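Student: model this:
(2 chains)
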Amino acid sequence: MNLRVRTPVAAGVAIAAGMFVLVSLFVPGFEDLRNRVLNWAILLAALALLLGMVNLLTVHLERVRSRQQPLYSAVLIIALLATFGITVWEGSQGVTAAWIFNNIQVPIEASLMAVLAISLTLAAARLLHFRKDLMSIVFAVALFVLLLGSGPLFGIDLPFFTGTLGPYVTQFLSTGAMRGLLIGVALGTVLTGLRILIGADRPYGG
Amino acid sequence: MSIPPLYVIGLALTLLILFALFGKSTRRTIRTIKAFRELRRTIELSVEDGSRLQISLGGGGLLGAESAAAFAGLSLLRQVANIAADSDQPPVATTGDGMLLLLAQDTLRHTYRRLDISDQYHLRLARATGLTPFSYAAGTLPLILDRSVSASALVGSFGEEVGLITAASQQAGAFSLGGSGTMNGQALLFGSAQEPLIGEEVFATGAYMDAGAAHQASLRAQDVLRWLIIIALMLTALSPLFSGLL
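Tutor: You can find the predicted model right below:
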């Protein structure tokens, strides 16, 4: 069956839902209906998560079939199906599901975070090698000052960095710069939202 | 004194509509952003040499403020697909969110249909490589380290995990462009992506990649609003000086 929702219908539903939620934030009396619409969105997101899982499964099944690093994909498929089955059987608060999360998922993600620290330092050093502009130098100097100012390093305390320069950079320079960036991001977010709300930009139905 | 959010939204909407309606008649050039210039060049090169482009949309989802950066990523995906869909190695989109995956597949499907090459489209061109931030990054790495990928464009909502993706791009010798709606992501991308997008540049993606008049109007409205905020900040900072004179 090929179910195809026509673009004007999809656009109409999206614009109406978006406009309603926006207006209900400023007009009192629509809180219940707004929460209901938002709950529908959360339900749809949960369903989409399941579809994402199916997509992940099909991509790795294909990799096994075409023998592209099949071992890794096979491990992923077995782990995914086992975890999914156990969680459906026991519920998300089940003992085994919690054990899997705390003893497999969390340590692996923590290890990746540790790998990230090393790979990022290498990437930044490599980048400075071929992006030699003023902002890269400012970035490197700020990073160096912050590292020295973050606390005693190998037992050596540098009061000028930990007490004066470090706090000055974090409390004044970086806070000011971050607020500037946040204003830009907020403006971009508002205008992107409005573009979608008025249907000028449709990331659905082409 | 605070300005009610409704006024800001109303002003932004008015500017957006005005620029969309009347902006076409006025000729205006936008400043060059090196990242987009390099991306265009890389897309053309990848079409010529038959290498693959990888678009990372992040795992931010669509239910919060982070969705705006994801929509910018979808605009980029559509434009890249428009140029490179019928190349030997069509672009691949990766995401860490189910809803974003559906939108990425929809974007690609419609682009292929518009280009009349629907037979070349398949669902695996948009992939969910992992459904938590680090599993998403881990799932994206093999794709980037695959020697056929010549460029990675990361536009969406990213956290610390983006560092793993950009480091892998560097290792593979691939071009990397990165922009995120989050501060953590932006800081990491500045330090590790070949061409980072800073602040609101992420949301200018559509305008710089010729995604349509609405994106141009949006960029112009964004510029006007930014100048209004700068003027307001300056006046607020200088107001004690004036009040002393009066």
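Student: do the longest strand seen in chain B and chain A meet?
Tutor: For chain B, the longest strand by residue count, based on DSSP state E, is strand B:149-157. No: judged by Cβ under 8 Å from any Cβ of the partner chain, strand B:149-157 and chain A are separated, with a smallest distance of 10.6 Å. Glycine gets a C-beta too; all of them are placed from N, C-alpha and C.
Student: what about the strands in chain B?
Tutor: Counting by DSSP E, chain B has strands at residues B:52-58, B:92-95, B:126-128, B:149-157, B:175-180, B:195-196.
Student: picking that back up, in the longest strand of chain B, what counts as buried?
Tutor: By neighbour count on 16 or more other Cβ atoms under 10 Å in any protein chain shown, the buried set for strand B:149-157 is B:Val149, B:Ser150, B:Ala151, B:Ser152, B:Ala153, B:Leu154, B:Val155, B:Gly156, B:Ser157.
Student: I'd like these as a markdown table, with pLDDT appended.
Tutor: Shown next, in a markdown table, are the buried residues of strand B:149-157 (pLDDT from 0 to 100):
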| residue | pLDDT |
| --- | --- |
| B:Val149 | 88 |
| B:Ser150 | 90 |
| B:Ala151 | 92 |
| B:Ser152 | 93 |
| B:Ala153 | 95 |
| B:Leu154 | 95 |
| B:Val155 | 95 |
| B:Gly156 | 93 |
| B:Ser157 | 92 |
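Student: Out of the residues you listed, which is nearest to chain A?
Tutor: For these, the closest approach to chain A (Cβ to the nearest Cβ) belongs to B:Ser157, at 10.6 Å.
Student: Confirm for me that A:His60 is in contact with A:Ser73.
Tutor: Yes: using Cβ atoms under 8 Å, A:His60 is in contact with A:Ser73, at 3.9 Å.
Student: and the helix or strand of chain A with the lowest mean pLDDT, what does it pack onto?
Tutor: In chain A, no helix or strand scores lower on mean pLDDT, DSSP states H and E than helix A:159, which sits at a mean of 81. Helices and strands touching helix A:159, by 3 or more Cβ pairs under 8 Å, 6 or more residues apart in numbering or on different chains; DSSP states H and E: there are none.
Student: immediately after it, which helix or strand?
Tutor: Where DSSP states H and E defines the elements, the next helix or strand beyond helix A:159 is helix A:166-168.
Student: And the average pLDDT for that next one is what?
Tutor: Across helix A:166-168, the average pLDDT comes to 85.
Student: Just want the angle from the helix or strand just after it to strand B:175-180.
Tutor: Next helix or strand after helix A:166-168 toward the C-terminus (DSSP H and E): helix A:174-197. On the basis of axes from the mean of the first three to the mean of the last three Cα atoms, to 10 degrees, helix A:174-197 is oriented at 90 degrees to strand B:175-180.
Student: Could you tell me which residues within helix A:174-197 count as buried?
Tutor: Residues of helix A:174-197 classed as buried by neighbour count (16+ other Cβ under 10 Å): A:180-181, A:183-197.
Student: Next: stretch A:68-86.
Tutor: Buried residues in stretch A:68-86, counted by 16+ other Cβ under 10 Å: A:Ser73, A:Leu76, A:Ile77, A:Thr83, A:Ile86.
Student: what number of residues lie near B:Ala65?
Tutor: Neighbour count of B:Ala65, defined by other Cβ atoms under 10 Å in any protein chain shown: 15.
Student: What distance do you get for it to chain A?
Tutor: Going from B:Ala65 to chain A by Cβ to the nearest Cβ, to the nearest Å gives 6 Å.
Student: Could you measure from B:Leu228 over to chain A?
Tutor: Taking Cβ to the nearest Cβ, one finds B:Leu228 at 10 Å from chain A.
Student: need the helices for chain A, in chain order.
Tutor: Ranges of helices within chain A are A:7-26, A:31-65, A:70-90, A:95-100, A:106-130, A:134-149, A:159, A:166-168, A:174-197, based on DSSP state H.
Student: Out of these, the one nearest B:Val162 is which?
Tutor: The minimum distance between B:Val162 and the helices of chain A falls on helix A:106-130, with 9.4 Å, by Cβ to Cβ.
Student: between that closest one and strand B:175-180, how big is the angle?
Tutor: Relative orientation of helix A:106-130 and strand B:175-180, computed by the same axes, to 10 degrees: 120 degrees.
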